[in-house]
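> Would you be able to build a 3D model of this:
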Amino acid sequence: QVTLVESGGGLVQAGGSLRLSCAASGRTSSSYPVGWFRQAPGKEREFVASISASGIRSPNYADSVKDRFTISRDNAKNTVYLHMNSLNPEDTAVYYCAIGRFGYLARSSTSYDNWGQGTQVTVSA
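Below is the predicted model:
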């Protein structure tokens, strides 16, 4: 079993940056495809970005974050990162990471499991 823990959230002004981390523990002898999702109050959980197990293949991004967010990973540290730039209030949400069950190209939350507890990101205007 693999446990994921997100960190790095916080309060930032519009235009600012944050780096989220998703650290894996447990059965980490293999690398896994990982996705980042977010959920704002009253809204459904939505796909943000995903990365292959090796990190070699081109990452997958939602249109709303493309060119602003970058997903990366350090398999030696069992950690996946989400670098977020040019943040705006619409990015305010709880951000979650999860493991892709069928690879990293899926964008539906039902294709992911081993969800972390989430980290709050709040962007003020």
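
> For the rest of this, base every contact and every neighbour count on C-alpha atoms.
OK.

> Excluding covalently adjacent residues, which one is nearest to the residue of the chain positioned farthest from its centre?
The centre of the chain is farthest from one residue, Ala125, which by C-alpha atoms, centre = their mean lies 22.6 Å away. Nearest non-adjacent residue to Ala125, counting by C-alpha to C-alpha, 6 or more residues apart in numbering: Ala14, 5.3 Å away.

> hang on, the earlier thing: tell me how far the residue farthest from the centre of the chain lies from Ala76.
If you measure Ala125 against Ala76 using C-alpha to C-alpha, to the nearest Å, the figure is 37 Å.

> So the residue nearest to Ala125 sits against Glu90, correct?
No. Counting by C-alpha atoms under 8 Å, Ala14 stays clear of Glu90, with 9.6 Å between them.

> Pull up the overlap in contacts between these two.
Here Ala14 and Glu90 share the contacting residues Val123, scored by C-alpha atoms under 8 Å, 6 or more residues apart in numbering.

> so who does the residue farthest from the centre of the chain touch?
Applying C-alpha under 8 Å, 6+ apart to Ala125 gives the contacts Gln13, Ala14, Asn88, Pro89.

> Ok, Asp74 next?
Val80.

> Repeat that for Ala40.
Ala40 neighbours (C-alpha under 8 Å, 6+ apart): Thr92, Ala93, Val94.

> Which of the helices or strands spans the residue most central in space within the chain?
Nearest residue to the geometric centre of the chain (C-alpha atoms, centre = their mean): Trp36, 2.5 Å. Following DSSP states H and E, one finds Trp36 within strand 34-39.

> Parallel or antiparallel, list what pairs with that strand.
Under the criterion DSSP bridges, strand 34-39 sits next to strand 46-51 (antiparallel), strand 93-100 (antiparallel) in its sheet.

> Now stretch 113-125: buried residues?
Of the residues in stretch 113-125, Asn114, Trp115, Gly116, Gln117, Gly118, Thr119, Gln120, Val121, Thr122, Val123, Ser124 count as buried by neighbour count, 16 or more other C-alpha atoms under 10 Å.

> send the alpha carbons of it over as PDB?
Extracted in PDB, the C-alpha atoms of stretch 113-125 (Å, rounded to 0.1, in the frame of the first residue of the first chain):
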ATOM      1  CA  ASP A 113      -6.800   6.100  -6.100                       C
ATOM      2  CA  ASN A 114      -4.600   6.300  -3.000                       C
ATOM      3  CA  TRP A 115      -5.700   9.900  -2.600                       C
ATOM      4  CA  GLY A 116      -3.900  12.100  -0.100                       C
ATOM      5  CA  GLN A 117      -5.600  14.300   2.400                       C
ATOM      6  CA  GLY A 118      -5.200  17.500   0.400                       C
ATOM      7  CA  THR A 119      -3.600  20.900   1.000                       C
ATOM      8  CA  GLN A 120      -5.400  24.200   0.900                       C
ATOM      9  CA  VAL A 121      -4.400  26.800  -1.600                       C
ATOM     10  CA  THR A 122      -6.000  30.300  -1.200                       C
ATOM     11  CA  VAL A 123      -5.200  33.100  -3.600                       C
ATOM     12  CA  SER A 124      -6.300  36.600  -2.600                       C
ATOM     13  CA  ALA A 125      -7.200  39.200  -5.100                       C
END
